[in-house]
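J.: how would this look folded up:
(2 chains)
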Amino acid sequence: MDFKQSIINAVKKEANVEVALEVPPNPDLGDFALPCFQLAKALRKNPAQIAQELAKKLAIKGIARIEAKGPYLNFFVDKGTNAEKVLTAISDDALYGSSGEGKGKHALIEHTSNNPNADIHVGRARNSIIADSVVRLLKFQGYATDVHYFVNDIGKQIAMLVLAANGKKPAYEQLLKLYVDFNAKLKENDDLEQDVFALLKKLEDGDAKVRKQFRGIVDNCIKGQRAILSDVGIEFDSFDYESEYLFNKRTEEVLAALKRTGKLFTDEQQRQVLDLKGFPEVEKGMKNPVLVLTRSDGTSLYPLRDIAYTMDKASWAKGRNILLLGEDQKLYFQQVAAALSLLKVAPPEIVHYAFIVLADGKMSTRSGNVVLFSEFAKEAVERARKEILARTPDMKGKALDALARMIGHGAIKFSIIKVSPDKMITFDWDQALSFEGDSGPYVQYAYARINSILEKHKRKRPKPDYSVLTHEAERNLINHLGRFPDAVSQASKNLEPHVIANYARELAQLFTAFYHSCPVLQAGEDRLVDARLALCIATQSVLKTALGLLGIDTPESM
RNA sequence: GGGCCUGUAGCUUAGCCUGGAUCAAGCGCUUGCCUUCUAAGCAAGAGAACGAGGGUUCAAAUCCCUCCAGGCCCGCCA
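T.: Below you'll find the predicted structure:
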């Protein structure tokens, strides 16, 4: 039984009240605390007095000391017992931190689903990076995962690119410029817009040649996006094409099913419209709570195809069904969720993320006012390379490349994941690519330092005497290691990878504090050396796992 | 006009779901620390009316209401 439960049981036995414990704000105040206000009513005494009395009465196995401090009762666990418990748990379990809740279950995650019209920019990459961490978290929890990308391959943007390409096959890197230039032309030339729509119409009518043109542009673009994301370790299992839903029967089936709910009506312009009255979130957010599903000519609109696709995903997902979407899609997705609920299909769990904006305004692919993810990643690696060479001037070749990539990519991922997705980010090169403080490289550095110690000392003692780990820095580090499973559970339950980023940074901080105040190899006594080595090994293991959950590699040295 | 999100130190954030002891970090600033396991580091210090006001509670950054500021969204784009 863990300490927490023992305390709760003991208090219940003594006072007959079910209490909640908390972690004191400051380690000097113990490992667990009981605010006695919650007992005051039942016992009809003042909290400080209750704390005093309980401090005298309670005796709990594994708890070395119980102290009353004002209205709080503080519990100090026996350091040796705690150290042994936490450190053996880590060394015995390669999956320490995983709850195993996903064993035998399946999770489908759709993310990125960027318009296949240009190079991906950092705002969209926020989607990919957060989602990739979610995927890793769920895998770690035991889920079999399937990562999907929905390719919006039949939009106006693609039609524009087909026209702009003019029969040629533009390279991926040229697409953005083509798209931006075409948008500029479009502004001045109304006829061009007619051409765009005419082309789209041909596509929807199933014109084989046009379909092939679209597919050519799209596949080229997806290939490029995929390569860029793959380069930073973000992979997909399947690419689902929206055009499939243009030509298969799924949308008709959805339409028929919605018709049977009695909520579908044809408006005065002959469009098929879904009535969403009775769905409070949608009603509150819209002047007129409806979702338009078809054009006047009966052809499908995006929401209809999306509903059909989302239903397919719901049937593929055997456990959790997760979707990452920009905050601009919040209301829209509530409309889709409402439609799904009419069809008795559970909507996916959604993670919405806010935009990354530039100091001079919103990023816009259309105007070309963007920071491309590819240049962001390139710059990160370049800066990392400079930092490495400033420290180890003789490093070169593949070793240098590999390390620069690890550090550069680590900095990028960490800086994006660590911020709660609700928060809008104003992009700043120096801030996003910081290698110190609250950053990926800082955590990687702690890992590399542990590695350096372990390299120098490979001796292994089967059973260290953990009771010698009594230093404050050791205790703080051990306590934090013990909290890793909670951090993982919270992150995977609420789909909050930033919890892991913050956990990892704190762990690295506590380790570095330990590193500076507790020599390991020069600790003196053998048993202290052995115990501290065991602490290093455990910390390294958790750091590696935590960074792995963020998609960040761990360099052996840096 | 309505809905959702955000507002915590000069700057960037964690903490808010699940209320509890002097609000926790990073950057920047001041002062120390590299002939001892990697200074991408550590230690110490200055710096916060937790957007404003009300309410609930023994207790509010956290829950409720109002207001202010910024972002996003609100019918044949995707």
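J.: quick one: the strands in chain A?
T.: According to DSSP state E, chain A carries its strands in the segments A:32-35, A:63-69, A:72-77, A:106-110, A:144-151, A:238-241, A:264-266, A:272-275, A:290-292, A:320-326, A:349-353, A:356-357, A:425-426.
J.: As JSON lines, those with mean neighbour count and distance to RNA strand B would be great.
T.: For every residue, glycine as well, the C-beta is placed using N, CA and C. Compiled in JSON lines, the strands of chain A are given as follows (neighbours: other CB atoms under 10 Å; distance: least, CB to the nearest atom of the strand, whole Å):
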{"stretch": "strand A:32-35", "mean neighbour count": "21", "distance to RNA strand B": "3"}
{"stretch": "strand A:63-69", "mean neighbour count": "17", "distance to RNA strand B": "4"}
{"stretch": "strand A:72-77", "mean neighbour count": "23", "distance to RNA strand B": "3"}
{"stretch": "strand A:106-110", "mean neighbour count": "23", "distance to RNA strand B": "14"}
{"stretch": "strand A:144-151", "mean neighbour count": "20", "distance to RNA strand B": "9"}
{"stretch": "strand A:238-241", "mean neighbour count": "16", "distance to RNA strand B": "11"}
{"stretch": "strand A:264-266", "mean neighbour count": "14", "distance to RNA strand B": "9"}
{"stretch": "strand A:272-275", "mean neighbour count": "20", "distance to RNA strand B": "4"}
{"stretch": "strand A:290-292", "mean neighbour count": "19", "distance to RNA strand B": "5"}
{"stretch": "strand A:320-326", "mean neighbour count": "21", "distance to RNA strand B": "7"}
{"stretch": "strand A:349-353", "mean neighbour count": "19", "distance to RNA strand B": "8"}
{"stretch": "strand A:356-357", "mean neighbour count": "18", "distance to RNA strand B": "7"}
{"stretch": "strand A:425-426", "mean neighbour count": "14", "distance to RNA strand B": "5"}
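J.: Could you dump those into CSV and include mean pLDDT?
T.: Putting the strands of chain A into CSV (pLDDT from 0 to 100) gives the following:
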stretch, mean pLDDT
strand A:32-35, 95
strand A:63-69, 94
strand A:72-77, 95
strand A:106-110, 97
strand A:144-151, 98
strand A:238-241, 97
strand A:264-266, 96
strand A:272-275, 97
strand A:290-292, 97
strand A:320-326, 97
strand A:349-353, 98
strand A:356-357, 96
strand A:425-426, 96
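J.: Looking at these, which is nearest to residue A:535?
T.: Among the strands of chain A, the nearest to residue A:535 by CB to CB is strand A:72-77 (16.3 Å).
J.: The strands of chain A: which one's closest to residue A:553?
T.: strand A:144-151 (19.4 Å).
J.: Mind giving me the packing neighbours of the closest one?
T.: Counting contacts by 3 or more CB pairs under 8 Å, 6 or more residues apart in numbering; DSSP states H and E, strand A:144-151 packs against strand A:106-110, helix A:122-140, helix A:208-231, strand A:238-241, helix A:302-316.
J.: Contacts for the fourth one, please.
T.: The set of residues that contact strand A:238-241 without belonging to it, under CB atoms under 8 Å, 6 or more residues apart in numbering, is A:146-151, A:153, A:218, A:222, A:309, A:312.
J.: Put together JSON lines for those, with distance to residue A:491 on each row.
T.: Listed next are the contacts of strand A:238-241 as JSON lines, based on distance: CB to CB, whole Å:
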{"residue": "A:146", "distance to residue A:491": "20"}
{"residue": "A:147", "distance to residue A:491": "18"}
{"residue": "A:148", "distance to residue A:491": "21"}
{"residue": "A:149", "distance to residue A:491": "23"}
{"residue": "A:150", "distance to residue A:491": "25"}
{"residue": "A:151", "distance to residue A:491": "29"}
{"residue": "A:153", "distance to residue A:491": "33"}
{"residue": "A:218", "distance to residue A:491": "34"}
{"residue": "A:222", "distance to residue A:491": "30"}
{"residue": "A:309", "distance to residue A:491": "27"}
{"residue": "A:312", "distance to residue A:491": "28"}
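J.: and the residues you listed, which two are the farthest apart?
T.: A:146 and A:218, at 21.6 Å, using CB to CB across those.
J.: What lies in contact with stretch A:366-375?
T.: Stretch A:366-375 is contacted from outside by A:119-125, A:176-177, A:179-180, A:183, A:228, A:358, A:360-364, A:427, using CB under 8 Å, 6+ apart.
J.: out of those residues, which are inside helices?
T.: Counting by DSSP state H, the contacts of stretch A:366-375 place A:122-125, A:176-177, A:179-180, A:183, A:228 in helices.
J.: Most neighbours of all those residues, which one?
T.: Within these, most neighbours by other CB atoms under 10 Å means residue A:125, with 26 neighbours.
J.: Tell me which residues touch residue A:431, please.
T.: Counting by CB under 8 Å, 6+ apart, residue A:431 touches residue A:415.
J.: And the residue in chain A positioned nearest to RNA strand B, how far from residue A:385?
T.: Using CB to the nearest atom of the strand, the single residue of chain A nearest to RNA strand B is residue A:437, 2.0 Å away. According to CB to CB, to the nearest Å, residue A:437 and residue A:385 sit 20 Å apart.
J.: Those two: who's more crowded?
T.: Between residue A:437 and residue A:385, counted using other CB under 10 Å, the more crowded position is residue A:385 (18 against 9).
J.: separation between the more buried one and residue A:377?
T.: Using CB to CB, residue A:385 is found at 13 Å from residue A:377.
J.: same thing with residue A:540?
T.: Distance, residue A:540 to residue A:377, using CB to CB: 27 Å.
J.: and what of residue A:127?
T.: Per CB to CB, residue A:127 is found 15 Å from residue A:377.
J.: quick one: contacts for the residue most central in space within chain A?
T.: Taking CA atoms, centre = their mean, the centroid of chain A lies closest to residue A:130, which sits 3.3 Å from it. Taking CB under 8 Å, 6+ apart, we find residue A:130 in contact with A:111, A:324, A:351, A:353, A:416-417, A:421, A:497.
J.: So for it, what's the pLDDT?
T.: Per-residue confidence (pLDDT) for residue A:130: 98.
J.: try residue A:14
T.: Reading off the confidence values, residue A:14 has pLDDT 89.
J.: do the same with residue A:268
T.: Reported pLDDT for residue A:268: 92.
J.: How is chain A partitioned into domains?
T.: Chain A breaks down into these domains under automatic domain parsing: A:3-77, A:109-357, A:373-549.
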